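K.L.:
Output the structure for:
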Amino acid sequence: MITSSRRSLQRSTSTTTLTPRLKPQQPARDEKPHRRRRAWKRIFWWSVVIIALVLAAATWIRYFNPYVTDATERGYIVSMERRGIVFKTWEGQMIVQSALTDSTRLYSRDFIFSVDNPELAKMLVDVKGTGRQVNVTYKRYWGSLPWRGATCCIITAVEPVATTKAAEASTPADNMNNGDADAESPVNKI
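P.N.:
Numbers count the residues shown, from 1 in each chain. Coordinates of the predicted model:
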């Protein structure tokens with residue numbers, strides 16, 4: 001029995017004392033593909049980061065950074081409506097005073113705008129159709145966002161133009177007669 005236990009002891013020690021087989025070292029040229037794969041991964045991830053940053057900057061410039069700020073227009077409010085299916089926004093139209101006073105060119109445009117502030121929209125609704133002029137201050141963006149409005153011009157401030165007594169008494173017919181109070185105009189005949 002002693003011999004068998006020695007044999008088993010020898011077997012157990014012989015299996016545990018075996019040295020692991022060492023793999024022969026690979027040549028240096030086999031390490032290059034591993035480095036190349038790592039380099040392509042690095043290039044890919046840097047490309048993804050750069051593309052994401054460029055897209056974020058382009059989105060910010062187009063939709064959130066106005067390229068015109070504190071611009072003003074003076075004119076008459078023609079319409080104000082609340083439009084939209086999902087996002088209800090105030091949209092308006094104004095006849096610009098400078099387009100009306102220009103006698104060399106035909107009437108060319110209306111000023112179409114959006115209002116994102118409900119208080120400003122209420123002021124514009126009150127002025128609409130009264131024939132009173134207003135000065136509007138606005139920002140112009142490169143693109144429009146659905147919750148901000150359908151146009152690129154967003155109204156930021158509204159100021160009614162103070163009218164003088166002479167301007168209230170003046171009618172378009174008086175302006176055509178060059179201030180001659182005795183001349184009859186077609187408007188006064190009616």
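
K.L.:
all strands for the chain, in order.
P.N.:
68-83, 89-96, 110-115, 133-140, 153-160 (DSSP state E).

K.L.:
Show the contacting residues for the nearest residue to R148 once chain neighbours are set aside.
P.N.:
Here the nearest residue to R148 in space, its sequence neighbours aside, is D116; by Cβ to Cβ, 6 or more residues apart in numbering that works out to 5.4 Å. Every residue, glycine included, has its C-beta placed from N, CA and C. Residues near D116 by Cβ atoms under 8 Å, 6 or more residues apart in numbering: T89, W90, R148, G149, I154, I155.

K.L.:
separation between the fifth one and L55?
P.N.:
In this case it means I154. 23 Å (Cβ to Cβ, to the nearest Å).

K.L.:
now do the last one
P.N.:
Taking Cβ to Cβ as the measure, I155 and L55 are separated by 29 Å.

K.L.:
quick one, which of the two is more surrounded?
P.N.:
Just comparing I155 and L55: by other Cβ atoms under 10 Å the higher neighbour count belongs to I155, 26 against 10.

K.L.:
Need the pLDDT of the closest residue to V68 other than its chain neighbours.
P.N.:
Residue nearest to V68 in three dimensions, not counting chain neighbours: R140, with 3.8 Å by Cβ to Cβ, 6+ apart. At R140 the predicted local distance difference test score is 94.

K.L.:
Output the below-cut-off pLDDT ranges for the protein.
P.N.:
Counting by pLDDT under 70, the ranges of the chain that qualify are 1-35, 107-108, 164-190.

K.L.:
Tell me where it has helices.
P.N.:
2-16, 31-59, 97-101, 118-127, 165-169, 172-176, 186-189 (DSSP state H).

K.L.:
roughly how far apart are I85 and G92?
P.N.:
Distance of I85 to G92, given as Cβ to Cβ: 19 Å.
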